[in-house]
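In: Provide a 3D model corresponding to the input given below.
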Amino acid sequence: MNSKLLLFVVAVLLLGGVFIMSKNQNKLAPVTKTQSGEEVADDESTEKAEEEAMEEETGEEVMEEDGEDADAARVSVTEAGFEPQTVTVKAGTKVVWKNDTQATANVSSASHPTHLVYPPLNLGNFEPGEKVKLVFEETGEYKYHDHLSPTKFGTVVVE
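Out: Next comes the predicted model:
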């Protein structure tokens, strides 16, 4: 009888731990994928601390658009599609897609529905107002689409 009670208590503790971990999973810092598929923490609090340290050193305020890198290329997901539909960047540039619709959006590499042409570009679903990012390190032409609305497509040209 005691072993059954002990087993029950252990099971409850394990389930409680799984529940707590799954709730905290949503609180992880956002990440930016690099072209090699490596995920790099994109912690805004770290960026803010770095900006404050720079401001203290130089006495000048550091201005960054939306907390993103100033040189990042931006693509808006709209009801009509990706704007701009084609973006040209230099190797090593971060591209940021922002969902400016009222529905869940998705960025996936060509070709629909398999997304096998360039897997690092399979950035997945993101909600209205959210952003997904990818650093393009190698030259080439990278085609993508919104898997949830495959008539929306775009291209990143890396020079």
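
In: going forward, measure contacts and count neighbours with C-alpha atoms only.
Out: OK.

In: least trustworthy helix or strand in the chain by mean pLDDT?
Out: Scoring the helices and strands of the chain by mean pLDDT, DSSP states H and E places helix 44-58 at the bottom, with a mean of 43.

In: thought Val132 was touching Lys94?
Out: No - contact criterion CA atoms under 8 Å: Val132 and Lys94 do not qualify, at 10.3 Å.

In: for the two, indicate the residue with more neighbours.
Out: Under the criterion of other CA atoms under 10 Å, the comparison of Val132 against Lys94 puts Lys94 first, with 24 against 20.

In: which SSE is the more buried one in?
Out: Per DSSP states H and E, Lys94 falls inside strand 93-99.

In: what packs against that strand?
Out: If you count contacts as 3 or more CA pairs under 8 Å, 6 or more residues apart in numbering; DSSP states H and E, strand 93-99 packs onto strand 73-77, strand 131-136.

In: mind listing the strands for the protein?
Out: 31-34, 39-41, 73-77, 82-83, 86-89, 93-99, 105-109, 124-126, 131-136, 140-146, 149-158 (DSSP state E).

In: for these, which one ends up most surrounded?
Out: strand 105-109 (a mean of 26; mean count of other CA atoms under 10 Å).

In: burial check on Leu5, number of neighbours?
Out: 10.

In: quick one: it and Pro128, what's the gap?
Out: Distance, Leu5 to Pro128, using CA to CA, to the nearest Å: 47 Å.

In: then Thr101?
Out: From Thr101 to Pro128 the distance is 6 Å (CA to CA).
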